[in-house]
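[1] need coordinates for the below:
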Amino acid sequence: MKALQGVEGRVEWAQRPSPACDVGQIRIQVAAAGLNRADLLQRAGLYPPPPGASDILGLECSGVVSEVGAGSAWQVGDRVCALLAGGGMAEEVVVDARHALPVPEGLSLAEAAVLPEVYATAWLNLFQLAGLKPGEKVLLHAGASGVGSAAIQLCKAFGNPCWVSVGSVERLAYCEALGAQGGATRDENLENLCDYGPFDVILDPVGGNYAALNQELLARDGRWVLIGLMGGREAQLDLAVVLAKRLQLIGSTLRNRDDQFKADLLSDLSQHVWPLFAEGRLKPQLERSFPIKDVELAFAELASNKVAGKLALLIDESLL
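    As a prediction, the model looks like this:
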């Protein structure tokens with residue numbers, strides 16, 4: 001099979017051995033794969049896959065089941081999307097059958113390819129780890145990102161008013177159209193977010209230079225969920241504020257979680273989130289798709305930080 005590898009800061013579509021399909025696994029003929037910031041980091045050599053995971057790029061994909069290992073209820077021909085620790089940007093991928101979900105009714109395979117990673121991330125961090133309750137207020141940094149786009153829609157669906165920080169007024173308008181109450185842009189004074197707070201939960205892919213602001217913006221018993229370090233890895237915290245407000249700082253990653261954890265998470269998504277796509281309450285925010293021959297253009301677009309929502313790579317357009 002052919003697959004996409006990160007090689008010294010570039011990507012290469014090259015021949016790789018086809019993986020075996022064992023008990024409890026399925027083989028997917030890949031139609032499309034979602035692009036994520038983790039793919040940029042791995043291409044640059046800054047985010048190696050967890051031990052035992054494929055070094056092929058791609059943390060989510062969609063396609064058609066072509067082989068079923070013993071013990072799985074999937075059938076050959078089923079249209080699925082899957083959460084992966086790696087391997088999605090390839091002609092085929094083998095995955096734990098519990099880490100796949102059906103393509104929601106009415107969605108294309110290209111749209112389904114950009115769902116698993118961002119909805120799993122948003123659901124895990126807001127509703128499972130932070131324990132978000134109806135009516136609690138949320139702040140989403142990088143609100144126009146793929147995870148931010150999913151989180152806004154989930155907050156709206158489950159009764160949580162949310163605000164965002166974003167890079168431009170256009171991206172703020174995009175977030176408000178999805179259901180955000182408002183927010184602030186980075187070229188303004190982000191202290192303006194105080195006008196909307198305090199917030200019960202902050203979902204933060206920035207870290208570093210937002211740490212002091214987050215402490216100020218959080219309500220008593222507030223939860224700050226850190227999922228990235230776009231703003232640096234070092235920060236100065238006022239521990240008196242942490243103590244007085246009874247704040248919780250929760251560090252969270254998904255890629256290196258074990259198979260059972262991910263299976264439980266996907267089961268939760270299947271029960272609570274996936275039905276909302278059929279009801280039209282959630283929508284995939286696929287801004288643009290690129291054929292695999294234009295993969296470098298796709299990575300450049302993602303690196304521009306101007307994408308609102310998600311990008312997809314089309315691996316096998318005959319399946320779409």
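[2] C-alpha only now, for contacts and for neighbours.
    OK.
[3] any idea which helix or strand comes after the strand or helix carrying G6?
    If you go by DSSP states H and E, G6 is part of strand 2-7. Of the helices and strands lying after strand 2-7 in sequence (DSSP H and E), the nearest is strand 10-15.
[4] paired strands for that next one, with orientation please.
    Each strand paired with strand 10-15, and its direction, by DSSP bridges: strand 2-7 (antiparallel).
[5] just the CA trace of the strand holding G6, in PDB.
    Extracted in PDB, the C-alpha atoms of strand 2-7 (Å, rounded to 0.1, in the frame of the first residue of the first chain):
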ATOM      1  CA  LYS A   2       1.000   3.600  -0.300                       C
ATOM      2  CA  ALA A   3       1.100   5.800   2.800                       C
ATOM      3  CA  LEU A   4       2.200   9.300   3.900                       C
ATOM      4  CA  GLN A   5       5.300   9.700   5.900                       C
ATOM      5  CA  GLY A   6       6.900  12.700   7.500                       C
ATOM      6  CA  VAL A   7      10.500  12.900   6.300                       C
END
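[6] and it, what's buried?
    K2, A3, L4, Q5, G6 (16 or more other CA atoms under 10 Å).
[7] of those residues, the lowest pLDDT goes to which?
    Looking at the buried residues of strand 2-7 by pLDDT, the weakest one is G6, with 87.
[8] quick one: that residue from S318, how far?
    25 Å (CA to CA, to the nearest Å).
[9] ok, A240 next?
    Taking CA to CA as the measure, A240 falls 59 Å from S318.
[10] residue contacts, G146?
    Applying CA atoms under 8 Å, 6 or more residues apart in numbering, we find G146 in contact with N36, V118, Q285, A308, G309, K310.
[11] check G69 too.
    By CA under 8 Å, 6+ apart, G69 lies in contact with C21, D22, V23, G24, Q25, I26.
[12] show me those residues that map onto strands.
    Q25, I26 (DSSP state E).
[13] in JSON lines, list the contacts of G69 along with pLDDT and distance to R255.
    As requested, the contacts of G69 are arranged in JSON lines below (pLDDT from 0 to 100; distance: CA to CA, whole Å):
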{"residue": "C21", "pLDDT": "97", "distance to R255": "21"}
{"residue": "D22", "pLDDT": "96", "distance to R255": "21"}
{"residue": "V23", "pLDDT": "97", "distance to R255": "22"}
{"residue": "G24", "pLDDT": "97", "distance to R255": "20"}
{"residue": "Q25", "pLDDT": "98", "distance to R255": "18"}
{"residue": "I26", "pLDDT": "98", "distance to R255": "19"}
